[in-house]
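J.: Based on what follows, work out the 3D shape:
(one chain, ligands or ions: 2)
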Amino acid sequence: MNTFADFGLEPKVLQAITELGFEEATPIQGKSIPIALTGRDMIGQAQTGTGKTAAFGLPLINRIPKDEDRIVALIMTPTRELAIQVAEEIGKLARFKGTRSLPIYGGQDIVRQIRALKKKPQIIIGTPGRLLDHINRKTIKLDDVKTVVLDEADEMLDMGFMEDIQSILKLVPEERQTMLFSATMPANIQKLAQQFLKNPEHVSVIPKQVSAPLIDQAYIEVHERQKFDALTRLLDMESPELAIVFGRTKRRVDELAEALQKRGYSADGLHGDLSQHQRDNVMRKFRDGSIDVLVATDVAARGLDVSGVSHVVNFDLPQDPESYVHRIGRTGRAGKEGAAWSFVTPREIDHLHFIERITRHKIARKPLPSIAEAIEGKQRITAERIIELVEAAELGEYKGMAIQLLEQYDSVNLLAAAFKLITGDKNDKANIELTPEEPIRVKRRNPDIRSSGRKPSGYGNRGGGSGGGGYRRDNREGGSREGGNRGGYGNKGGYNKEGGRDSYRSSSSSSDRKPRSNYNNGDRRPSKRNDNNSFDN
Ligand SMILES: Nc1ncnc2c1ncn2[C@@H]1O[C@H](COP(=O)(O)OP(=O)(O)OP(=O)(O)O)[C@@H](O)[C@H]1O
Ligand SMILES: [Mg+2]
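T.: Ligands and ions are numbered 1, 2, ... in the order given. The predicted structure follows:
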């Protein structure tokens with residue numbers, strides 16, 4: 001057990017930690033902070049929701065002199081939402097010391113960013129594409145950067161950011177500290193590490209299983225056409241505080257969010273084809289609880305920390321075990337419990353076993369909730385709300401009618417009728433038709449490649465020879481289908497108004513760099529880029 005005072009952090013940094021209510025350091029913080037404070041390169045791996053942001057953020061803030069007026073630290077994240085969130089957390093940790101930080105991401109007005117850059121931030125938190133834009137415009141200079149952090153390093157590689165990261169790091173002085181963090185460290189991270197890190201310290205607090213321990217994981221076997229009913233029954237039965245429902249494609253997310261709204265759920269969708277304004281809006285509504293179901297593509301899988309997310313539903317199974325780990329890791333964070341449910345079609349059972357094998361966690365099979373369970377769940381919630389109202393005792397103007405009715409009718413019948421009226425869904429008949437998704441197929445891969453090269457990675461280490469797994473992420477179907485279908489869904493539910501995939505370029509930047517197409521560059525991975533290119537740069 002580590003108290004923060006043991007690390008020799010400055011009083012003003014400690015004050016911020018106290019203010020945030022952090023009592024003791026998490027294991028990854030306990031191991032990383034002393035190393036990071038020395039300025040050594042490091043790779044940090046720990047389960048989702050265990051405080052990796054502060055693990056790199058605190059030493060970073062601690063090491064920056066107060067009167068520094070140059071950019072001395074750079075944090076890169078794979079998504080805009082994550083850049084915003086990390087910047088907020090860094091801002092909180094730096095509050096008393098006064099270290100200045102600034103998020104820089106695509107989709108935001110570049111002129112506004114340039115103005116903010118004039119205020120001499122010391123830490124920049126950004127997505128690679130927009131960072132490069134600023135570098136090319138000479139509005140960001142990296143000559144004085146002493147520390148670089150790649151948050152979700154493996155994801156940035158997977159999204160095809162390698163080239164961008166290379167270009168950016170070339171401009172950072174060799175004499176620097178570089179740190180990589182993620183909950184998952186597939187083997188290809190070695191490539192990045194070898195290229196950019198010097199004799200890094202590997203810090204891993206991954207025990208046997210890579211997914212966070214406080215998440216209750218289950219799966220329900222359903223046919224594609226049953227999924228929507230299964231979801232609504234689950235939502236009714238479990239009544240999540242907040243839930244994130246992951247769909248495989250943007251089209252899926254649009255259709256599902258719209259269908260849930262039709263059925264009266266307070267839901268909205270998030271994916272990379274929305275304008276930044278729409279994305280910000282959805283995230284804000286979800287964070288403040290004005291919607292309680294966020295339907296999202298993998299754009300929301302990494303790093304997002306929203307307190308109150310009690311449930312994650314994989315409406316569609318993800319292709320990669322990593323994605324599974326990160327998606328379900330949006331719940332069960334910072335010592336809280338959470339539930340993760342995955343819908344698995346009969347043809348995907350093998351894929352589920354593959355995920356179980358790689359994540360080393362058996363996922364319990366649960367039956368499809370029955371209509372009776374769903375109704376009971378809804379009634380339970382309604383009853384709780386009624387009791388709350390009764391206890392609040394502010395029912396003055398409703399009492400007259402209640403008294404009148406009770407004189408004529410039986411009280412049980414009256415209450416039952418009220419329940420029926422409240423919970424019986426007039427919207428249940430709303431016609432819902434979702435475009436079916438193809439089942440995911442198992443892509444074999446060599447178990448060894450899961451290891452980060454040093455034990456224990458939480459993956460791999462199960463023997464198995466080398467070579468020839470044949471697993472290729474860019475074969476995954478989600479991406480191409482997302483792209484292929486986009487045109488047809490342009491005006492559903494008010495989404496996709498931006499139009500095509502390159503629109504982020506024109507709206508976010510006037511840089512002369514070529515738009516990143518997923519299809520014209522063999523180097524880029526088509527699958528995720530398809531969603532991510534518009535969410536990042
Ligand atoms: N020492 C601590 N004590 C209590 N809460 C903490 C502590 N450190 C961080 N937290 C909180 O825990 C939550 C999760 O932290 P964070 O987002 O950094 O996790 P993470 O390890 O980066 O997860 P992911 O892999 O999903 O990105 C945040 O709300 C953060 O404020
Ligand atoms: Mg994180």
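J.: got the contact list for the longest helix seen in the chain?
T.: The residue-count maximum for a helix in the chain (DSSP state H) belongs to helix 371-392. Residues outside helix 371-392 that contact it (Cβ atoms under 8 Å, 6 or more residues apart in numbering): 232-234, 236-239, 369, 395, 419, 422-423. For glycine as for every other residue, the C-beta is placed from the backbone atoms N, C-alpha and C.
J.: Going by contacts, tell me the helices and strands next to the one helix or strand residue 181 maps to.
T.: Element membership of residue 181, judged by DSSP states H and E, is strand 177-182. Counting contacts by 3 or more Cβ pairs under 8 Å, 6 or more residues apart in numbering; DSSP states H and E, strand 177-182 packs against strand 42-45, helix 52-63, strand 147-151, helix 153-158, helix 189-196.
J.: For the second one, enumerate the helices and strands it packs against.
T.: Counting contacts by 3+ Cβ pairs under 8 Å, 6+ apart, the secondary-structure elements packed against helix 52-63 are helix 11-20, helix 27-38, strand 42-45, strand 73-76, helix 80-93, strand 147-151, strand 177-182.
J.: Tabulate these in a markdown table, adding columns for mean neighbour count, distance to ligand 2 and mean pLDDT.
T.: Below are those laid out as a markdown table (neighbours: other Cβ atoms under 10 Å; distance: least, Cβ to the ion, whole Å; pLDDT from 0 to 100):
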| stretch | mean neighbour count | distance to ligand 2 | mean pLDDT |
| --- | --- | --- | --- |
| helix 11-20 | 16 | 16 | 97 |
| helix 27-38 | 21 | 10 | 97 |
| strand 42-45 | 27 | 10 | 96 |
| strand 73-76 | 26 | 11 | 98 |
| helix 80-93 | 23 | 7 | 98 |
| strand 147-151 | 26 | 6 | 98 |
| strand 177-182 | 26 | 7 | 96 |
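J.: for these, which one sits closest to residue 303?
T.: Distance to residue 303, taken as Cβ to Cβ, is lowest for helix 80-93 among those, at 4.3 Å.
J.: on contacts alone, who are the packing partners of the helix or strand just after the closest one?
T.: Next helix or strand after helix 80-93 toward the C-terminus (DSSP H and E): strand 101-104. Here strand 101-104 touches helix 80-93, helix 110-117, strand 123-126, helix 128-137, going by 3+ Cβ pairs under 8 Å, 6+ apart.
J.: try it again with 6 Å
T.: If you count contacts as 3 or more Cβ pairs under 6 Å, 6 or more residues apart in numbering; DSSP states H and E, strand 101-104 packs onto helix 80-93, strand 123-126.
J.: so which of these comes closest to ligand 1?
T.: When the helices and strands packed on strand 101-104 are compared by Cβ to the nearest ligand atom, helix 80-93 sits nearest ligand 1, at 6.2 Å.
J.: Contacts for the closest one, please.
T.: When contacts are defined by Cβ atoms under 6 Å, 6 or more residues apart in numbering, helix 80-93 is touched by residues 16, 53, 57, 61, 77, 101, 103, 105, 125-127, 283, 303, 535.
J.: what subset of those is also close to ligand 1?
T.: Restricting these to those touching ligand 1 (Cβ under 6 Å from any ligand atom) yields 53, 303.
J.: and of the contacts of helix 80-93, the nearest to ligand 2?
T.: residue 303 (4.0 Å; Cβ to the ion).
J.: Any idea how far apart the tips of stretch 87-107 sit?
T.: Stretch 87-107 has an end-to-end distance of 16 Å (criterion: Cα to Cα, to the nearest Å).
J.: so residue 311, which of the three states?
T.: Classification of residue 311 by DSSP: H, G, I helix; E, B strand; the rest coil places it in strand.
J.: circling back to that earlier point, of all the helices and strands packed on strand 177-182, which one is nearest residue 256?
T.: With Cβ to Cβ as the measure, helix 153-158 is the member of those nearest residue 256 (23.2 Å).
J.: Can you give the domain ranges for the protein?
T.: According to the TED database, the chain comprises the domains 4-204, 207-439.
J.: Just say which of these is most tucked in.
T.: Counting by mean count of other Cβ atoms under 10 Å, domain 4-204 has the highest mean neighbour count of those, with a mean of 20.
J.: now do the same end-to-end measure for it.
T.: Across domain 4-204, the terminal residues are separated by 19 Å (Cα to Cα).
J.: picking that back up, to residue 137, which of the helices and strands packed on helix 52-63 lies closest?
T.: Proximity to residue 137 (Cβ to Cβ) singles out strand 73-76 among the helices and strands packed on helix 52-63, at 16.2 Å.
J.: Enumerate the residues of the protein near ligand 1.
T.: Taking Cβ under 6 Å from any ligand atom as the contact definition, the chain meets ligand 1 at 22, 25-26, 29, 46, 48-54, 183, 303, 305, 329, 333-334.
J.: Fine, thanks again, bye for now.
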